[in-house]
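**Student:** sequence and predicted structure are below.
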Amino acid sequence: MFAALREQAILSRANQVRSEAGKVARRVPRTVSVDDLVQAGWIGAIAAVDNYNPDVCMLSTYAEYKIRGAILDYLRQVDPLSRAHRREVKGSELAPTHCSIAAAVRIAAPGDFVTDLVTLRTVKQLRRRARLTDTQKLVLRLNLYEGMSCSDISRDVLHGSVSLASQYKQCAIAKLRRVA
């Protein structure tokens with residue numbers, strides 16, 4: 001009897017799980033699957049039903065926070081950056097300079113004003129057409145703008161082998177060159 005009521009209470013949260021996953025999905029990169037967010041939301045719905053105390057609040061209110069919390073926990077788990085490093089990246093607006101991208105792709109050497117304007121326009125177009133992944137953008141930002149070495153990026157940010165950041169960088173530059 002209790003198991004059937006528990007299951008019914010969990011399944012009644014289906015619209016709420018999809019709604020919360022949809023709200024979060026609008027604020028994260030498209031590389032994050034909505035289905036993964038929904039699955040994480042179900043974990044929160046189960047926890048909400050199991051830990052619910054009717055004397056404190058309504059189940060729907062409690063479930064909303066548990067579902068959103070479970071989805072955010074999932075995103076933190078799959079994020080290659082730590083929370084502190086993510087704050088640093090957001091706070092410092094690590095956008096690589098147009099000249100650093102142009103130099104990496106070897107479009108034109110920065111020089112006179114006219115060349116710089118052409119380079120600026122070309123790099124903006126390249127960035128739109130190249131369709132780099134978030135990791136490729138991050139590696140380019142950290143390497144070209146912050147001056148971090150690929151081995152430091154691999155070790156401190158990506159938590160992978162020494163050559164990982166170099167591979168991401170080479171792939172990104174190859175994509176930029178293809179559309180140049």
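**Tutor:** Ah, there it is. Numbering: from 1, shown residues only.
**Student:** count of residues packed around residue 11?
**Tutor:** 12 (other CB atoms under 10 Å). In this view, the C-beta of every residue, glycine as well, is placed from N, C-alpha and C.
**Student:** likewise residue 136?
**Tutor:** 20.
**Student:** wait, what's in contact with it?
**Tutor:** Residues near residue 136 by CB atoms under 8 Å, 6 or more residues apart in numbering: 168-169, 171-172, 175.
**Student:** if we go to 10 Å?
**Tutor:** For residue 136, the contacting residues are 130, 167-173, 175-176, taking CB atoms under 10 Å, 6 or more residues apart in numbering as the criterion.
**Student:** what's the answer for residue 154, then?
**Tutor:** 139, 148, 160-168.
**Student:** now which of those would you call buried?
**Tutor:** 139, 148, 164-166, 168 (16 or more other CB atoms under 10 Å).
**Student:** show me the shaky parts of this structure.
**Tutor:** Residue ranges of the chain with pLDDT under 70: 1, 86-129, 145, 179-180.
**Student:** where do the domain boundaries of it fall?
**Tutor:** The chain resolves into domains spanning 2-78, 86-179 when parsed by automatic domain parsing.
**Student:** first-to-last residue distance for the first one?
**Tutor:** Distance between the boundary residues of domain 2-78 (CA to CA, to the nearest Å) amounts to 35 Å.
**Student:** tell me how far it is from the chain's mean position?
**Tutor:** Using CA atoms, centre = their mean, to the nearest Å, the mean C-alpha position of domain 2-78 is found 20 Å from that of the whole chain.
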